[in-house]
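Student: Mind looking at a prediction? Sequence and model below.
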Amino acid sequence: MNVEFINPFLSSMLNVMSTMAKMDLVAEKPRLKKDDIAMGDVSGLIGMVSDQAKGSLSITFDAPLALATMKGMVGEAPDEVNEEITDLVGEITNMVTGGAKRLLSEKGIEFDMATPMVVSGKNHTIHHKAKGPIVIIPLRSPDGNRAYIEFSFDE
């Protein structure tokens, strides 16, 4: 998988969380993911197509981090994952993809993106549409909770 394609999404995710939620996440070591089970509690999944690649991106939050993200963005949050939180994760997925789209277009890579789909619940699954490997990068928050950004692109 092309790092040149992944880095704009990672950079955009860190930027969105820092500017919108006032939260600095730390990227941990990327690894290959072997199954479809989400690492966290609520996930946004978005498909992308360009002349250079076809794939998808998923952003998954541990429930406490999703709640803290909403609190950082709007000043308050519900006590548990609800429709407000799933809407928020969908919007963050859109913002991250939009930021990456801008960074990639500066390199001459254009792509179209679908509307994000959001799934929540313990052990929910994420089905990437691409046939390539799934790369997952854990992102650790200051309080130890995590978000996970996953990519899969056709080879």
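Tutor: Yes, it's here.

Student: Please count neighbours and contacts with C-alpha atoms only from this point.
Tutor: Fine.

Student: And Thr125, how close does it get to Pro116?
Tutor: 15 Å (C-alpha to C-alpha, to the nearest Å).

Student: just the helices in the chain please.
Tutor: Ranges of helices in the chain, per DSSP state H, are 3-20, 63-74, 83-105.

Student: Between Thr125 and Pro116, point out the one with more neighbours.
Tutor: Pro116 (21 against 15; other C-alpha atoms under 10 Å).

Student: What about the nearest residue to that one once chain neighbours are set aside, how many residues nearby?
Tutor: Computed as C-alpha to C-alpha, 6 or more residues apart in numbering, the closest residue to Pro116 that is not its neighbour in sequence is Ile46, at 4.5 Å. By the criterion of other C-alpha under 10 Å, Ile46 has 23 neighbours.

Student: who's in contact with Ile46?
Tutor: 56-58, 93-94, 113-117 (C-alpha atoms under 8 Å, 6 or more residues apart in numbering).

Student: residues in contact with stretch 80-90?
Tutor: 42-45, 59, 63, 66-67, 70, 116-120.

Student: Name the residues of that stretch that are buried.
Tutor: Neighbour counts over stretch 80-90 (16 or more other C-alpha atoms under 10 Å) mark 81, 85-86, 88-90 as buried.

Student: Is it correct that Ser141 is in contact with Lys22?
Tutor: No. The pair Ser141 and Lys22 fails to qualify as a contact (C-alpha atoms under 8 Å) at a distance of 11.0 Å.

Student: Pairing partners for the lowest-mean-pLDDT helix or strand in the chain, with directions?
Tutor: Least confident helix or strand of the chain, by mean pLDDT, DSSP states H and E, is strand 111-113 with a mean of 87. When pairing is defined by DSSP bridges, strand 111-113 lines up against strand 42-50 (antiparallel).
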